[in-house]
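Sequence and computational prediction follow.
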Amino acid sequence: MKLVKDTDAKVLKENKVSDQEAEEAVKTILTWMGEDSKREGLLETPKRVIKAFKEYFVGYTQDAEQILSKTFGDVEGYNDMVVEKNISVTSHCEHHMAPIVGTAHVAYIPNERVVGLSKLARVVEVFSKRLQTQERLTMQVANALMTSLDAKGVAVTIDAAHQCMTMRGIKKEKATTVTNYFLGQFKDDLNVQNRYLTYISK
Ligand SMILES: Nc1nc2c(ncn2[C@@H]2O[C@H](COP(=O)(O)OP(=O)(O)OP(=O)(O)O)[C@@H](O)[C@H]2O)c(=O)[nH]1
Ligand SMILES: [Zn+2]
């Protein structure tokens, strides 16, 4: 069953805007701000901004399914949950393009085969390096794991600060947002869900 279609990734691959055009757009914003884009300190800024944006949004060029395609069966039939806690997350909100900074916890119950632990964090990276809402990010990570690993259950929790809420607008600098998404046994069995919640609360 396909729970997630990674159409976002295709969008950037079909992107027709050149780096030079994007740099011109940065120059326009600098001028709009009242800056002189020709002064020495700003001469290379458009290039740097676009280079930085390529890093912030590299997830559009990456494919979670491919990252999760390598699995291991030689784990003595381990069939309990695997919990990867405290994965740092940096993303950007799609409403303001402002940074989202926080922590993700990811768990799954394997179905005979396990995946390399780093791949759990890599999947968080793929989806966080795109414009996001925290809700969608949480669900995309969970759905990708559930589908690709054919897992018996998946749980994803993200706790993050949105700079659109801390640095501007309502300016609540201590506010953080918690999102959860449970699939399979984590959704259906409250004991399983509570064990997971206990692990991530330590
Ligand atoms: N649900 C959700 N909302 C988000 C996320 N990131 C930012 N937002 C919110 O997106 C909303 C956009 O609201 P708008 O009224 O269109 O924009 P705005 O005038 O800039 O809103 P304010 O932030 O209230 O000043 C704001 O309430 C943000 O807090 C997210 O990940 N999930
Ligand atoms: Zn925002």
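Perfect, thanks for sending it. Numbers count the residues shown, from 1 in each chain. Ligands and ions are numbered 1, 2, ... in the order given.

before we move on, which element is residue 179 in?
strand 177-184 (DSSP states H and E).

partners of that strand in the sheet?
Sheet pairing here is set by DSSP bridges, and for strand 177-184 it gives strand 153-162 (antiparallel).

At the geometric centre of the chain, which residue sits there?
residue 128 (2.0 Å; CA atoms, centre = their mean).

and it, what is it in contact with?
59, 89-91, 100, 104, 137 (CB atoms under 8 Å, 6 or more residues apart in numbering). No exception for glycine: its C-beta is placed from N, CA and C like everyone else's.

per-residue pLDDT, it?
The score at residue 128 is 98. That number is its pLDDT.

which non-adjacent residue is nearest it?
residue 91 (4.0 Å; CB to CB, 6 or more residues apart in numbering).

OK, contacts around that neighbour?
Neighbours of residue 91 in contact, by CB under 8 Å, 6+ apart: 99-100, 128-130, 132, 134, 137, 160.

Distance to residue 115 and secondary structure added to these, as CSV?
As requested, these are exported to CSV (distance: CB to CB, whole Å; DSSP: H, G, I helix; E, B strand; the rest coil):
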residue, distance to residue 115, secondary structure
99, 28, strand
100, 25, strand
128, 18, helix
129, 20, coil
130, 21, coil
132, 23, strand
134, 24, helix
137, 19, helix
160, 24, strand
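
Kindly reformat these as TSV containing distance to ligand 1.
Below are those laid out as TSV (distance: CB to the nearest ligand atom, whole Å):
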residue	distance to ligand 1
99	11
100	7
128	11
129	15
130	12
132	6
134	4
137	8
160	8
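
so which of those residues comes closest to residue 153?
Closest to residue 153 out of the contacts of residue 91 is residue 137 (19.2 Å), distances taken as CB to CB.

That closest one: neighbour count?
25 (other CB atoms under 10 Å).
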